[in-house]
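A.B. asks: Give me the fold of what follows.
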Amino acid sequence: MAQPLVMKKDDDLDEEEYYSPFLGIEKGAVLQEARVFHDPSSTLGGAARLSPSFYTSSTRGTPSPRYNVIYPHLILVEATEVFFATTKLFQSKDAGLRRMVYLMIKELSPSADEVIIVTSSLMKDMNSKTDMYRANAIRVLCRIIDSTLLTQIERYLKQAIVDKNPVVASAALVSGIYLLQTSPEVVKRWSNEVQEAVQSRSALVQFHALALLHQIRQNDRLAVSKLVTSLTRGSVRSPLAQCLLIRYTSQVIRESSMNSQGGDRPFFDFLESCLRNKSEMVILEAARAITELNGVTSRELTPAITVLQLLLSSPKPVLRFAAVRTLNKVASTHPLAVTNCNIDMESLISDQNRSIATLAITTLLKTGNESSVDRLMKQMTNFMSDIADEFKIVVVEAIRSLCLKFPLKYRSLMNFLSNILREEGGFDYKKAIVDSIIILIRDIPDAKESGLFHLCEFIEDCEFTYLSAQILHFLGNEGPKTSDPSKYIRYIYNRVILENATVRASAVSTLAKFGALVDSLKPRIFILLRRCLFDGDDEVRDRATLYLKLLGGEATVGETEKDVNEFLFGSLDVPLVNLETSLRNYEPSEAPFDISSVSRETKSQPLAEKKATGKKPTGPASALSGPVTTVDASYEKLLSSISEFTGFGKLFKSSGPVELTEAETEYSVNVVKHIYDGHVVLQYNCTNTIPEQLLEEVVVFVDASEADEFSEVASKPLRSLPYDSPGQTFVAFEKPEGVLATGKFSNILKFIVKEVDPSTGEADDDGVEDEYQLEDLEIVSADYMLKVGVSNFRNAWESMDPESERVDEYGLGVRESLAEAVNAVISILGMQPCEGTDVVPSNSRSHTCLLSGVFVGNVKVLVRLSFGLSGPKEVAMKLAVRSDDPEISDKIHEIVANG
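C.D. replies: You can find the predicted model right below:
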């Protein structure tokens, strides 16, 4: 065999050398020397030396990640041969070799036929007088047997759970946790023995027993609550088990608070008592659990904060790190509660552990007041040079939040950001700084001039193309609005001369924006753009030509100068994915490509589709995981081919399929709602699941008595519906244009059923009329709204006429959480959340959500929602709406008021 070698770890991780006992082992050499397993007269040294080689290099399952590049797998024949050879080592009485045999059998994963070979030996070891044999035999046997053999050894496992030896008991409990995934019914019968093991004096047995007992009962909320009730009275002594119990208690508290309207928290006294535990592990777990409770008050936080403050001065780095990390999270939602710890955290800025120092400084930035900003900035000047980029990014984000909190301190904070922007750093770090400066410029008007100047200086020596293009784009939007736009032209044109083609193209577009928006600069901008006509890159020349023609009036794309600017610099209101799909499907013809035919709907996969089949999302988020709506080209083509619907105009929106029958029924029916300006077409997709039947003259009778504003105008039946061959039948309704018509529709599937001869496949001539009751269908306000996102909500909001804005406040009543209220309003409006504002931070008491969409009639709508908790669970909301039509703004308020 090859000699063990010495390897080095990656230079980025550690410079130390470490010894690899298995490096350089070759499969052929190992298999050759494995013949020693067959020789009963051979010494044990060779077998003991070879066993770890197989364990690390030749498994049938997943290879060891540390050596999977070095060692090949054994093929099936080789693995089988090695397995049978290994079973002969059971004759050895050597304890060390026996342990390696157990490991090899577990890793080789024998097949069902091979398991029988070792079952008797392992069962013999289960009853051995040597406890180490018993524990290992239990672990291996439970990993390799199937449910049939499990019933034969169930009695031994139940006895092992209550064994006096903690090693044996823990092995049986851990095996039970594993078997719960494959044979849950068998493991659930062990509840009494596991309950007895929870009272064990062994810390590890108690820990494993509690974990298994909770997994057995986890689907029964009442059983979990009873388990927590019985164990919080002091019967658990193991620190590991106490940490588990704290987590289970927190889960019960969260679930009970969601189902009760009162402010009481069951078991909260238990969490507080754990703060006085002797074990530091338990203290930290209890403090973390209290700080993460939903709607936790300052009074409830106080004892946890006090304990964490004491741990900040611990001599153990791991305790300091855990304490400051927990306080960092608390500072995001309850900064005032953490201010008492500021003095202790300031001493951690110079901690040798840079992770602790980073968390300390970011926590101080979250909790500091306006007077402490300058002092913190001085402390961070030297601190930033000693930490890695990933920690610097965290600090930059904290500084950005602090500046938004204290806008009057923008000068010192902006100067700090500009200074670190000039220092060395990677792309992510520089991007975080640039993004922070851009956000500060947008949100603090006084910071615009200095912020733009800092960005201009940065692009003079920027090595990242993406950041240069981003800054130039932002400069084109904000620069013309400043008091002296001309001072930025030099920086922009320098990019045309000195940079690569991508940045040069961005600079040309930025110059054109200045020329379009600042009349006094237009002649000078034209001179610079004409110089760009001789650039070596096609994109740069094409952009310069386009801007010169349109801004100079040589070509027209609209009646006014505003139309030209909108064409050149307006935001693209169609998703790029949809545009790409439409261009790929476009067939060259005399008719030019029409961008208005591209769907504006933002397509996203519902969460339900990402989960396993048959599982439905539950809870507040389920309201947002319904079918995604879109204008599908196939729907447009299908509807335009039906003469009854040709006069309805352009299709505005098609919903996703809504199921009207239960799964596995005789007939499967779902409906798609097609929305037009003055009509609604219901497309019923039907499937016959009975092989012995043929359905003819299939039609859906729709009762619109609960939808007064709709009147049926057309119906298209389905002539024939054979077995397992989907078909469609349609019903069209007329509604008043400009009216937000809603209502409920009752549906009955009517048809003529004919028996089919299974042998010939021919149907009888005579049929019987029959009908099948379907679920009711609702048309709601959200059906008239397309989910269309905007890339920059702030710019889109400011570009809309302020006269169209409508603002009002609403009380949403008692809600389980702020997130549930946000999701409910988004679901009612049917609009697209922007910039990730649909996600509500945990324990947040206020939140702002931004929505965009297009209302029927192609009216753009933007919504700004501001939520806040006005009581224990009372949610108040401020709704601001802007749209292209003030009447639509009023309608959005009507939808919310009636929702």
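A.B. asks: The closest residue to Pro758 other than its chain neighbours - how many residues pack around it?
C.D. replies: Leaving aside its chain neighbours, Pro758 sits nearest to Glu692 (6.3 Å; criterion: CB to CB, 6 or more residues apart in numbering). (Glycine included, C-beta is placed from N, CA and C.) Other residues lying near Glu692 total 12 when counted by other CB atoms under 10 Å.
A.B. asks: Glu692 contacts Val753, correct?
C.D. replies: No: if you go by CB atoms under 8 Å, Glu692 and Val753 don't touch, sitting 9.9 Å apart.
A.B. asks: ok so, going back, check the residue nearest to Pro758 and give its pLDDT.
C.D. replies: We have a pLDDT of 85 for Glu692.
A.B. asks: Phi and psi next, for it.
C.D. replies: With angles defined as degrees, to the nearest 10, Glu692 sits at phi -90, psi 10.
A.B. asks: got it, and the one 5 residues further on?
C.D. replies: Note on Glu697: backbone dihedrals following degrees, to the nearest 10 are phi 50, psi 50.
A.B. asks: Please point out which parts of stretch 739-746 sit buried.
C.D. replies: For stretch 739-746, the buried set under the neighbour-count rule, 16 or more other CB atoms under 10 Å, comprises Leu740, Ala741, Thr742, Gly743, Phe745, Ser746.
A.B. asks: which residues does the last one form a beta bridge with?
C.D. replies: In other words, Ser746. Taking DSSP bridges, one obtains Asp703 as the residues bridged to Ser746.
A.B. asks: quick one, what contacts it?
C.D. replies: Contacts for Ser746 (CB atoms under 8 Å, 6 or more residues apart in numbering) come out as Val702, Asp703, Ser705, Glu706, Asp776.
A.B. asks: run the last query once more with 10 Å
C.D. replies: Counting by CB atoms under 10 Å, 6 or more residues apart in numbering, Ser746 touches Phe701, Val702, Asp703, Ala704, Ser705, Glu706, Ala707, Gln773, Leu774, Glu775, Asp776, Leu777.
A.B. asks: Show only the entries of these found in strands.
C.D. replies: Phe701, Val702, Asp703, Ala704, Ser705, Glu706, Gln773, Leu777 (DSSP state E).
A.B. asks: Quick one, which of those are buried?
C.D. replies: By 16+ other CB under 10 Å, those give Val702, Ala704, Leu777 as buried.
A.B. asks: now, among the residues you listed, which is nearest to Ala357?
C.D. replies: Relative to Ala357, the closest of these is Leu777; by CB to CB it sits at 60.2 Å.
A.B. asks: Mind putting the ones in strands among the contacts of Ser746 into JSON lines with pLDDT and distance to Glu835?
C.D. replies: Output for these, formatted as JSON lines (pLDDT from 0 to 100; distance: CB to CB, whole Å):
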{"residue": "Phe701", "pLDDT": "93", "distance to Glu835": "46"}
{"residue": "Val702", "pLDDT": "92", "distance to Glu835": "41"}
{"residue": "Asp703", "pLDDT": "90", "distance to Glu835": "43"}
{"residue": "Ala704", "pLDDT": "87", "distance to Glu835": "40"}
{"residue": "Ser705", "pLDDT": "86", "distance to Glu835": "43"}
{"residue": "Glu706", "pLDDT": "86", "distance to Glu835": "39"}
{"residue": "Gln773", "pLDDT": "90", "distance to Glu835": "45"}
{"residue": "Leu777", "pLDDT": "91", "distance to Glu835": "34"}
